[in-house]
Structures are given as structure tokens and as C-alpha cells.
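Engineer: Quick one: sequence and predicted model below, then my questions.
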Amino acid sequence: MSKLIYLDPGHGGKDSGAVGYGRNEADDVLKMAKKVKSLLSAYNCKVGMTRTNDTYTSPKGKAEIANKAGADFFASFHRNSSSSSSSKGYETLVYANSGIKKEFANKVNAKMGSIGFTNRGTKVRTDLAVLHQTNMPAVLLELGFISNKKDNEIFVSKFDKIAEAITAVIVDVNNLKKVTTTSNASIKAGSTVKIKSGAKYGGASSGKSVSSAYIGKKYTVTKVQTNNGVKEALIKQLNSWVPTKYLSIV
Ligand SMILES: [Zn+2]
């Protein structure tokens, strides 16, 4: 059974969260959670989200969504705010600083520090519904202060690095493994692929061998289709259909 990771973009809908410098927390964290979800798709886990668009659910409601789904790990995404524009940095909130939550917090705090945020460490908060009403280990990430200009600059310019760091620590503490599937489900129109030796082409049924001259070179996929249950890709340069099991993405 693969683990179920739940990502909770804070706020949403009528609740924009904190605002500052033309940004709002609800949008920032939705974008980040979606990025982490896409990165987690490379691992042997399922990923759920408490919201995927700009809608409101109470924090208690969000905890219940994850509980009902039977999530194994819960990460709530937020951005901090202060009346003092000099307050800055990253921190992780936990209900109790122990176990997998402590491990997650320590590791992600350090990574955020090396990305450029001031590392504010781990804060114990027993009053937050997403932390104390969730049945599984839950952490809350405060991704810099939206009320601090520099933190916003880090959030924007290091967006991908932040997402990768969060993903890496979720993977680490949940002991997830990279998926090495041969189904090539990710091949799609626009993919750059190589053809493996032994490949057949001309569609699923014809079974003509691809000339060795074509093996190992880079080609572009025009489109994909399923033909008699076989997923195949139209190779632009050859104008031929090749089953995706004979292709590898480059
Ligand atoms: Zn928040």
C-alpha cells in the first residue's frame, strides 16, 4: 500500500490569508502545494489536496478531509505575516516537537536556511486545528513573511528550489521511493524520446522492426493514442506509431 500524503494549501476563498506587497497568502500557498504535488508524482505515493482552487474550507474541515481519506502525512502550507516589516524567515509549526514531525521540521528548516530564508526553527502550537485535529503526523510550513519584501523575493526567485526542498523532506521522512515504471505513462505530445533497441513500429499490430539506424536518437512525440489496448506514440520525424513501451523519455 502506497502512502497517502495530504497537502493543505492554507486559507482560500473568502479567506485570503495574509496580504502584502500585492500578494496574498492563499494564492502563494496554493501554487506551492500544487508544485510539490507535481514533484511527488515521481514517487510511490498518492497525494491528496484539501483544495485545488480558490475555495474556503475551515481548518477543522480540512483536518477532517485528511482523516476521512486516511492520510499518512499532512503538510499545511502558509506564509507568515507581522505588523513589523522587518520580521522575516521560515519556520515549521508542529503540535509536538517529536517523532516524524520533529525530523521533518529539522530537515526542512535547514534546507530553507540554505535556500536563503532566516531559519526561525520549530514552533510548538497546540491551538491549530490542522495540527491537533489531524489523526496523522501533521506539520505546518510558514514559507517566509508576506509582510517582508526580501522574503517575497526569495519566495518568487527560489520557488522551484523551495518546492524541491519540501518534496525531498516529505520523501525522506515518509521513506518514499522513486517510481521506476516501464509503462511510460508520462509520454505525451511534445515529449522528447529515444527508441529502444528491439522496437517495433507501424502501430501495435504490424510488428515491423525499427531499423537500428533510428535507435538511440532523439525524437519528438506528436501525439499519443491507445490502439487495441496498446499505448503508442506518433514519432514526428518518422511519421510512424511506436508503442510507448519501446520509448524512453530524454
Ligand atoms: Zn496562514
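Structural biologist: Arrived safely, thanks for sending.
Engineer: name the helices or strands packed onto the worst-scoring helix or strand of the chain on mean pLDDT?
Structural biologist: Within the chain, confidence by mean pLDDT, DSSP states H and E is lowest for strand 200-201 among all helices and strands, at a mean of 80. Contact partners of strand 200-201 among helices and strands, from 3 or more C-beta pairs under 8 Å, 6 or more residues apart in numbering; DSSP states H and E: strand 208-209, strand 240-243. To be clear about C-beta, it is placed using only N, CA and C from the backbone, and glycine gets the same treatment.
Engineer: which of these is buried the deepest?
Structural biologist: Looking across those with neighbours counted as mean count of other C-beta atoms under 10 Å, the highest average goes to strand 240-243: a mean of 21.
Engineer: contact partners of that one?
Structural biologist: Contacts of strand 240-243 from elsewhere in the structure, counted by C-beta atoms under 8 Å, 6 or more residues apart in numbering, are 195, 199-204, 210, 225, 227, 230-235.
Engineer: and after it, which helix or strand comes next?
Structural biologist: Next along the chain after strand 240-243, taking DSSP states H and E as the criterion, comes strand 247-249.
Engineer: if we can go back for a sec, what's next to the least confident helix or strand of the chain, contact-wise?
Structural biologist: 206-210, 235, 238, 240-243, 246.
Engineer: Out of the helices and strands packed on strand 200-201, which is closest to the ion?
Structural biologist: Put simply, out of the helices and strands packed on strand 200-201 the one that sits nearest the ion is strand 240-243, at 47.6 Å, with distance taken as C-beta to the ion.
Engineer: Partner strands of that closest one and their direction?
Structural biologist: Sheet pairing here is set by DSSP bridges, and for strand 240-243 it gives strand 230-235 (antiparallel).
Engineer: List the buried residues of the strand it pairs with.
Structural biologist: Judged by neighbour count (16 or more other C-beta atoms under 10 Å), strand 230-235 contains these buried residues: 231-235.
Engineer: Quick one: mean pLDDT over it.
Structural biologist: Strand 230-235 shows a mean pLDDT of 87.
Engineer: Same check on stretch 147-164?
Structural biologist: Rounded to a whole number, the mean pLDDT of stretch 147-164 is 98.
Engineer: And stretch 106-125, by the same measure?
Structural biologist: Rounded to a whole number, the mean pLDDT of stretch 106-125 is 98.
Engineer: ok, residues contacting it?
Structural biologist: Taking contacts as C-beta under 8 Å, 6+ apart, the residues outside stretch 106-125 that touch it are 88-97, 102, 105, 131, 139-142, 144, 151, 154, 158, 161-162, 165-166, 168-169, 172-173.
Engineer: Select, out of the helices and strands packed on strand 200-201, the one closest to residue 39.
Structural biologist: Among those, the nearest to residue 39 by C-beta to C-beta is strand 240-243 (28.0 Å).
Engineer: coming back round to it: so in that sheet, which strands flank the least confident helix or strand of the chain, and in what orientation?
Structural biologist: Under the rule (DSSP bridges), strand 200-201 has strand 208-209 (antiparallel) as partners.
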